[in-house]
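Participant: following is a predicted model, sequence given first.
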Amino acid sequence: MSSSTAPPKIRLREIRKAFASKVVLDGVDLAIEEGESLVIIGGSGTGKSVLLKHIIGLMKPDRGTVTVDGTDLSTLGYREITGFRRRFGMAFQEGALFDSMTVAQNIAFPLERARRFDRSAVRKRVDECLGLVRLDGAEEKMPSELSGGMRRRVGFARAIALKPAILLFDEPTSGLDPVMTALLDEVILDLQRTLESTTVTITHDMTSAFRIADRIAMLHRGKIIAIGTPKELKADTDPRLLQFLEGRAEGPLSE
Amino acid sequence: MATLIRLAESFFTEMGRFAMMLWRVLMWTPRPPYDWRQLFQQMQRVGVQSIPVVALTALFTGMVMALQSYRVLVRFSAEGYVGSLVGVSMVRELACVLGALMVAGRCGSAMGAELGTMRVTEQIDALEVLATDPIHYLVVPRVWATALMLPLLIAMADAVGIYGGYVVAVLMMGANPVTYASNSFQFMELNDLTSGLIKAAVFGLLIAVIGCQKGFYTRGGAAGVGRSTTQAVVLGSIAVLIADFFLTKVLF
Ligand SMILES: Nc1ncnc2c1ncn2[C@@H]1O[C@H](COP(=O)(O)OP(=O)(O)OP(=O)(O)O)[C@@H](O)[C@H]1O
Ligand SMILES: [Mg+2]
């Protein structure tokens, strides 16, 4: 985590988002420092994915601002935001692979669109990324031939292919076996160490959260109710957080 | 009253989306990267693969036109003009409108379904995240491929339709092959041909923009994709028919 004198890499102010009459985000404030690894936890359906989509500008807040590298996303036109997104990589919860392309073409897509790499460099990077997620040999498979966990790993590989400065992972490891989960956690940590990427990861896996997080934030009822280093959270006495961390069925969250 | 307001509201939403889609297509078209592979793939799908349907439509339309016009023209002993009538009607009107309707059913629906599926499976979001404008990548090649290929398809349909009329007239009604053939082109002007082809290009543009727009704004899972597909065909076809009237009136 960098010193707090530098302006945050990503700053969310008073974000509010409702779908029809359903309020999902109700005043979310969040500052993410450069090079930090933030993990977002929270119950299913509380709006974690929605929050992540606000950070990258896929959804627009009803109120509030999202600032990335000092730029307010709402000030960018559709052409500017397209270029702006080069600094991001995002892995979707369901993979969101292009189903008309092979695995290799999916991972090569961001590289080819960036137009900075020749053919052999693209191939090399695709192989590298597939190796990182342990899917060597799956190059020519179509997404429909893959299992859910494999698809998610390809989505992960596609997100990191361009080595972006900001990485957003929406449950990259859910549905994976513990060994694979640990492996991807290693990859995330490694990206952070070597590229100093800023990463935001959503996960339901607490072991994984404590392994990769510099800080953990808990989202509940549209607000961040707790945020801090893993150590701080373990010492926190908020009953909602305690229930979540301990995974109990009874408690304030279930009411 | 409330339903009327809702209807008007959705009408203006659709028109707004259409204008926006068309505008973005025009804005993105001159910008690199140029995706020739996508363009050719779409030209292949829209153009080459539509040949059988469009040819069959034109063939039978030409044949029916010959039968019908013979029945009527013979009443004032003008049956010598069957060829002229079939030729001009095909080239000015029937080939391009019926051909466009077939393409709306074949390709407009496919675009609605394809983009709709990409929308509900977050593939369109993924494009955006990968610094690729989905309109640039998906819609631009589809629109130009359709606008370019439809006139070519219609030129072929013109020929097939006229041939169909010829076959019926000569084989079934005993017309003289040589006079019928010369009759076919006797009163035809270049403008008849070009007006049909220009209309075809506009129809192609409309079909593709509407199909893509329907797919692009799909919501709600598989049922939503189904709705988009249906609407792409229905609205595409209606747009063709309405545009046909105005183009015919204004231009020619
Ligand atoms: N495009 C949308 N239109 C309408 N409602 C939406 C949309 N996207 C999300 N929602 C609603 O927002 C709420 C939060 O959804 P979100 O996907 O962010 O949950 P989540 O925290 O990621 O849950 P999970 O852990 O199960 O993935 C849900 O109630 C969902 O119904
Ligand atoms: Mg989610």
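Facilitator: That came through, no problem. Ligands and ions are numbered 1, 2, ... in the order given.
Participant: how about stretch B:188-201: buried residues?
Facilitator: B:Met188, B:Asp192, B:Leu193, B:Ser195, B:Gly196, B:Leu197, B:Lys199, B:Ala200, B:Ala201 (16 or more other C-beta atoms under 10 Å in any protein chain shown). Placement of C-beta: from N, CA and C, glycine included.
Participant: mind telling me what element the closest residue to the first one other than its chain neighbours is part of?
Facilitator: By that I understand B:Met188. With C-beta to C-beta, 6 or more residues apart in numbering or on different chains as the measure, B:Gly87 is the residue that lies nearest to B:Met188, at 5.4 Å, once sequence neighbours are left out. B:Gly87 is part of helix B:82-89 when elements are defined by DSSP states H and E.
Participant: residues in contact with the single nearest residue of chain A relative to ligand 2?
Facilitator: Ranked by C-beta to the ion, the top residue of chain A for proximity to ligand 2 is A:Ser49, at 3.2 Å. The contact partners of A:Ser49, by C-beta atoms under 8 Å, 6 or more residues apart in numbering or on different chains, come to A:Gln93, A:Asp170, A:Ile202.
Participant: now these in TSV, with secondary structure, pLDDT and distance to chain B?
Facilitator: Written out in TSV, the entries for those read as follows (DSSP: H, G, I helix; E, B strand; the rest coil; pLDDT from 0 to 100; distance: C-beta to the nearest C-beta, whole Å):
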residue	secondary structure	pLDDT	distance to chain B
A:Gln93	coil	89	8
A:Asp170	strand	93	10
A:Ile202	strand	94	15
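Participant: okay, those in TSV with neighbour count and distance to B:Val225 next?
Facilitator: Written out in TSV, the entries for these read as follows (neighbours: other C-beta atoms under 10 Å in any protein chain shown; distance: C-beta to C-beta, whole Å):
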residue	neighbour count	distance to B:Val225
A:Gln93	17	20
A:Asp170	26	23
A:Ile202	23	27
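Participant: give me the number of residues near the nearest residue to A:Thr102 once chain neighbours are set aside?
Facilitator: When the adjacent residues along the chain are set aside, A:Thr102 lies closest to A:Glu140, with 5.3 Å between them (C-beta to C-beta, 6+ apart). Counted with other C-beta atoms under 10 Å in any protein chain shown, the neighbours of A:Glu140 add up to 10.
Participant: wasn't the residue of chain A closest to ligand 2 part of a strand?
Facilitator: No - A:Ser49: not assigned to a strand; according to DSSP: H, G, I helix; E, B strand; the rest coil it is helix.
Participant: relative to B:Tyr34, how far out is it?
Facilitator: According to C-beta to C-beta, to the nearest Å, A:Ser49 stands 34 Å off from B:Tyr34.
Participant: what is the longest helix belonging to chain B packed up against?
Facilitator: Using DSSP state H to assign secondary structure, the helix with the most residues in chain B is helix B:221-251. Based on contacts counted as 3 or more C-beta pairs under 8 Å, 6 or more residues apart in numbering or on different chains; DSSP states H and E, the elements that helix B:221-251 packs against are helix B:95-103, helix B:109-120, helix B:190-216.
Participant: just the residues contacting the longest helix along chain A, thanks.
Facilitator: In terms of residue count, the longest helix belonging to chain A (DSSP H) is helix A:178-195. If you take C-beta under 8 Å, 6+ apart as the criterion, helix A:178-195 is touched by A:35, A:37, A:132-134, A:149, A:153, A:156, A:160, A:163, A:165, A:167, A:169, A:172-173, A:176, A:197, A:199, A:201, A:205, A:207-208, A:211-212.
Participant: what are the buried residues along stretch B:9-19?
Facilitator: Within stretch B:9-19, the residues that qualify as buried are B:Glu14, B:Arg17, B:Phe18, counting by 16+ other C-beta under 10 Å.
Participant: can you check stretch A:151-164 too?
Facilitator: Of the residues in stretch A:151-164, those with enough neighbours to count as buried (16+ other C-beta under 10 Å) are A:151-162, A:164.
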